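In: sequence plus the predicted model coming up.
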Amino acid sequence: MPVRFLTVLFVTLLPCTTAMAGWGDLLKKIEEQAPALMNSEETEPTATTNSGTTSSGISNLSTETLAKGLKEALAVGTERAIAQASQLDGFLGNPAIRIPLPAPLASAETLLRRYGLGDLVDQFATSMNRAAETAAPQASRYFGEALQSMTIDEARTIYQGGDDSATRYFQNKTSAQLTGALGPSIDQAIEEAGVTRYYQQLMGAVKKYPVLGNMNADLSQHVTQGAVDGLFVMLAEEEKKIRAEPLARTTDLLKSVFGGSQ
């Protein structure tokens, strides 16, 4: 579909968005009215509005508005996601992103608890999630840089995509950077939260029970990956809210692009 037609189509249907709950309805409306609008554009490529602005001018303006609205939506979404993950129990109290025990320990958790190590296991699990909560705010910088570099074509693709298309955009743009950047912060947070101390205590106790086997794990890698994955889970939830729930659109620009509260 030509870029010009797409943007003219968006402007034509933009007033309808205030009566819709989400992006899916807008896209459905576009599909329904596409043939008539396509014919209109082909026969009147330079039609003017009441204010005298050409359709080409409106097209350019709408594209900029769409991109700006998307960036603001994603700025709001990333801010909320990071804030929720960073608060006390943001990871620990959320089953969707709670960092589990490393695989070797997880497979032996039942035995560890049977041998009276349940409290130590819980302390270790809590300390890992506290470390993730402490390091999560570091993600703000990289999400912000991804937003600044977003092109109009990328914005349009996100707008037309599924409920998690923006989240996938951030994953592609920032996953490697986040993993590398959060590493040092996670390492520091691990020490401050006592992760290493609890782990060493746990390993010391495990040695008394040879049946448990080798429980060694890369704590830094495990917590870092858990923190990064958790942030994207939270971002996906916020993206769905902004797309589907009018009350999640907190600014005039978001309301104008995605539809206001009813």
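Out: Everything's here; your move.
In: kindly state the pLDDT recorded for residue 234?
Out: For residue 234, the model assigns a pLDDT of 96.
In: if I look at it, how far off is residue 97?
Out: 6 Å (C-beta to C-beta, to the nearest Å). From N, CA and C alone the C-beta is placed, and that goes for glycine too.
In: check residue 134 too.
Out: 15 Å.
In: higher neighbour count, the two?
Out: residue 97 (23 against 20; other C-beta atoms under 10 Å).
In: can I take it that the more buried one is in a helix?
Out: No - Residue 97: not assigned to a helix; according to DSSP: H, G, I helix; E, B strand; the rest coil it is coil.
In: mind starting the numbering at 207 from now?
Out: Renumbered: residue one is now 207, and that last one reads residue 303.
In: in terms of contact, does it touch residue 442 like I think?
Out: No - using C-beta atoms under 8 Å, residue 303 makes no contact with residue 442, being 10.7 Å away.
In: host element of residue 318?
Out: Using DSSP states H and E, residue 318 falls within helix 315-320.
In: what residues does that helix touch?
Out: 307, 311, 324, 326-327, 408, 412, 415, 417-418 (C-beta atoms under 8 Å, 6 or more residues apart in numbering).
In: now the buried members of those residues.
Out: 307, 311, 326-327, 408, 412, 418 (16 or more other C-beta atoms under 10 Å).
In: now, these that are in helices?
Out: 311, 326-327, 408, 412 (DSSP state H).
In: least confident pick among these?
Out: The member of those with the lowest pLDDT is residue 412, at 80.
In: from what I see, it and residue 423 are in contact.
Out: No - Residue 412 is beyond contact range of residue 423, at 11.6 Å (criterion: C-beta under 8 Å).
In: any buried residues in stretch 364-377, and which?
Out: Within stretch 364-377, the residues that count as buried by 16+ other C-beta under 10 Å are 364-365, 367, 369-373, 375-377.
In: where's residue 363 relative to residue 349, distance?
Out: 18 Å.
In: one more: residue 319?
Out: 38 Å.
In: quick one: low-confidence parts of the chain?
Out: The model of the chain has pLDDT under 70 over residues 207-267, 451-468.
In: leaving out the residues flanking it, which one is nearest to residue 439?
Out: Nearest non-adjacent residue to residue 439, counting by C-beta to C-beta, 6 or more residues apart in numbering: residue 303, 5.0 Å away.
In: ignore the last one, residue 330
Out: The nearest residue in space to residue 330 (C-beta to C-beta, 6+ apart) is residue 404, at 4.0 Å.
In: wait, isn't residue 445 in contact with residue 375?
Out: No - contact between residue 445 and residue 375 fails when scored by C-beta under 8 Å: they sit 9.8 Å apart.
In: one step back: who has more neighbours, residue 319 and residue 349?
Out: Counted by other C-beta under 10 Å, residue 319 and residue 349 do not tie: residue 349 has more neighbours, with 23 against 14.
In: ok now do the nearest residue to residue 312 once chain neighbours are set aside, which residues does it touch?
Out: Spatially, and ignoring its direct neighbours in sequence, residue 312 is nearest to residue 306 (5.8 Å; C-beta to C-beta, 6+ apart). Going by C-beta under 8 Å, 6+ apart, residue 306 touches 312, 331, 432.
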